[in-house]
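Q: Let's see this in three dimensions:
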Amino acid sequence: MVDAAPRLRSLAEQLLGTPLPLRIRAWDGSQAGPPGAPALVVRNRRALRRMLFKPGELGLVRGWVAGDLDIEGDLYAALEALAGLVWERGEEAPGLLQALRDPAVRSAVRELLKLAGPPLPPAPPREEVRRARRHLHTRRTDRQAISHHYDVGNDFYEIVLGPSMVYSCAYWEEGGTLETAQRDKLELVCVKLGLTPGQRLLDVGCGWGSMAVHAAREHGVSVVGVTLSQEQAAYARKRVADEGLTDRVEIRVQDYRDVTDGPFDAISSIGMAEHVGAARYLEYARRLHDLLKPGGRLLNHQIARRPQRDETAYSVDEFIDAYVFPDGELAPIGSTVTQLELAGFEVRDVESLREHYARTLRRWVANLEGEWGRAVRLTSPGRARVWRLYMAASALAFERNRIGVNQVLAVRTPEPGASGLPLRTRTWNT
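A: You can find the predicted model right below:
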């Protein structure tokens, strides 16, 4: 009997207490749901066991990464629908234990167990990070987390990021390309830092060397770039050599906490502070403050989350923590500004680039999908699926204002109080 999809749809609606806006296509060829909607493809019974043994986001993600679940149709539309059911149901949505008090829900769970087959939990996909303790942010654990995220092959990142090899949000003009938008972002950082020939720049979390090369080539500064990724450092050093900049750019595999050859005239930290963690953030800010000359500027480019009424209830997203950024943490922009000021900085400018990141992520997804077969060969099917889901879901999160990204310009203002900045740091179109 070809009836798995109708049964799954009915059971899902019983458990969720709301109509399912997606079609379901099951392993037996059956389908159920709105004909024009994206389809959640349940390739095998193992997908059900994953969701039953780990209800919620992580069970769904494990099924996706393993290839047990898929989306047929518009991925963004499907994620929008799932967000409303799984991630954004609000405080009024019942928890699992509360829901199981309902006899109808218990009956639906029993039916799902029958449909799922032998009750053995499948092993998590090999791409999942497994560790007993989290968010320590020691030098060793930070190095391991960075390696998990970045040491997956420079060829893979070339597919996703394109020729610029910049892994942070671009700065868009209408009609621009990803490459020109990334170049404009690097130039924006240099202008905010006020770089002039002969100055020293520290680029914290230098990635594949794009900022270091741009600053040295276009502004005549000497740059020290630090990263914890061996693969990034090797790639960045080759770029520096190819550009003929080895006399002005040094790329190190080094923790920012171990940099001792300051002071620097300026520091750029682009997409790195998300790895620092709340417990270490003041230490991070103080270290960068100490590494700057009086009058030196910091440009901190960082993703931010929305504040919660009870900040102690904040928890890291399960999918991101297990598959993308182990030990990564997001903070509200207000907390970031406060920590920088506690470290001694004077914060002079905060600019939100939220919509710019949404556009950047959609371009990265298109790059990945355009060379899907090669991306899979370079990494693994699971790793490629992690990245497609992570970037598409993140694009929607930025578009819906669930998260943002900000450039914070701060100064180590000297004791007499002269910041060295012009009276107007930005020009607005009116």
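Q: CA only for contacts and neighbour counts going forward, please
A: OK.
Q: packing partners for the strand of greatest length in the chain?
A: If you go by DSSP state E, the chain has its longest strand at strand 292-305. Secondary-structure packing of strand 292-305 (3 or more C-alpha pairs under 8 Å, 6 or more residues apart in numbering; DSSP states H and E): helix 178-193, strand 264-270, strand 403-411.
Q: Export those to JSON lines and append columns for mean pLDDT and distance to Arg140.
A: Shown next, in JSON lines, are the helices and strands packed on strand 292-305 (pLDDT from 0 to 100; distance: least, C-alpha to C-alpha, whole Å):
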{"stretch": "helix 178-193", "mean pLDDT": "98", "distance to Arg140": "30"}
{"stretch": "strand 264-270", "mean pLDDT": "98", "distance to Arg140": "20"}
{"stretch": "strand 403-411", "mean pLDDT": "98", "distance to Arg140": "27"}
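Q: could you redo the ones you listed as JSON lines and give each row distance to Ala418 and mean neighbour count?
A: JSON lines is the format used below for these (distance: least, C-alpha to C-alpha, whole Å; neighbours: other C-alpha atoms under 10 Å):
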{"stretch": "helix 178-193", "distance to Ala418": "16", "mean neighbour count": "19"}
{"stretch": "strand 264-270", "distance to Ala418": "15", "mean neighbour count": "24"}
{"stretch": "strand 403-411", "distance to Ala418": "10", "mean neighbour count": "23"}
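Q: who wins for proximity to Gln308 among the ones you listed?
A: Of all the helices and strands packed on strand 292-305, the one in closest proximity to Gln308, counting by C-alpha to C-alpha, is strand 403-411 (12.4 Å).
Q: gap between that closest one and the chain center?
A: Here strand 403-411 is found 16 Å from its chain centre; the criterion is C-alpha atoms, centre = their mean, to the nearest Å.
Q: Strands of the stretch 201-350 of the chain, start to end?
A: For the stretch 201-350 of the chain, the strands defined by DSSP state E, counting those that start in this stretch occupy 222-227, 249-253, 264-270, 292-305, 346-352.
Q: To Val376, which of the ones you listed lies closest?
A: Nearest of these (C-alpha to C-alpha): strand 222-227, 25.8 Å.
Q: Please, where are all the helices along the stretch 101-250 of the chain?
A: 103-116, 139-150, 154-161, 178-193, 210-219, 230-242 (DSSP state H, counting those that start in this stretch).
Q: of all those helices, which lies closest to Glu318?
A: helix 139-150 (14.9 Å).
Q: Please work out the average pLDDT along that closest one.
A: When pLDDT is averaged over helix 139-150, the result is 63.
Q: And for stretch 81-96?
A: 58.
Q: returning to that earlier point: adding distance to Gly73, write the helices and strands packed on strand 292-305 out as JSON lines.
A: Output for the helices and strands packed on strand 292-305, formatted as JSON lines (distance: least, C-alpha to C-alpha, whole Å):
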{"stretch": "helix 178-193", "distance to Gly73": "25"}
{"stretch": "strand 264-270", "distance to Gly73": "34"}
{"stretch": "strand 403-411", "distance to Gly73": "26"}
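Q: Nearest to Arg25, out of these?
A: That would be strand 403-411 among the helices and strands packed on strand 292-305, by C-alpha to C-alpha, at 32.0 Å.
Q: could you check the angle strand 264-270 makes with that closest one?
A: Orientation note: strand 403-411 sits at an angle of 180 degrees relative to strand 264-270 (axes from the mean of the first three to the mean of the last three C-alpha atoms, to 10 degrees).
Q: Tally up the residues packed near Lys114, please.
A: 11 (other C-alpha atoms under 10 Å).
Q: That one: what's it in contact with?
A: Listed by C-alpha atoms under 8 Å, 6 or more residues apart in numbering, the contact set of Lys114 is empty.
Q: Point out the most buried one among the helices of the stretch 101-250 of the chain.
A: A comparison of those by mean neighbour count, using mean count of other C-alpha atoms under 10 Å, puts helix 210-219 on top with a mean of 22.
Q: Outside of the longest strand of the chain itself, list whatever touches it.
A: Outside strand 292-305, the residues touching it (C-alpha under 8 Å, 6+ apart) are 189, 192-193, 262-274, 288, 330-333, 402-414, 418-420.
Q: how much space between Leu188 and Lys293?
A: 21 Å (C-alpha to C-alpha, to the nearest Å).
Q: Just give me the neighbour total for the residue lying closest to Thr379 once chain neighbours are set aside.
A: By the measure of C-alpha to C-alpha, 6 or more residues apart in numbering, the closest residue to Thr379 outside its immediate chain neighbours is Val152, 6.7 Å from it. By other C-alpha under 10 Å, 15 other residues sit near Val152.
Q: The one 10 residues further on now?
A: Counted with other C-alpha under 10 Å, the burial measure for Gly162 works out to 17 neighbours.
Q: Pretty sure it sits against Thr177.
A: No. Using C-alpha atoms under 8 Å, Gly162 is not in contact with Thr177, being 10.6 Å away.
Q: Ok, which of the helices and strands packed on strand 292-305 comes nearest Pro118?
A: strand 403-411 (40.2 Å).
Q: which helices and strands does the closest one pack with?
A: strand 292-305, helix 333-342, strand 346-352, helix 354-370.
Q: Buried deepest among the ones you listed, which one?
A: Mean neighbour counts for the helices and strands packed on strand 403-411 (mean count of other C-alpha under 10 Å) peak at strand 292-305, with a mean of 23.
Q: Let me know the angle separating it from strand 403-411.
A: 170 degrees.
Q: Let me see the mean pLDDT of strand 292-305.
A: On average, strand 292-305 scores 98.
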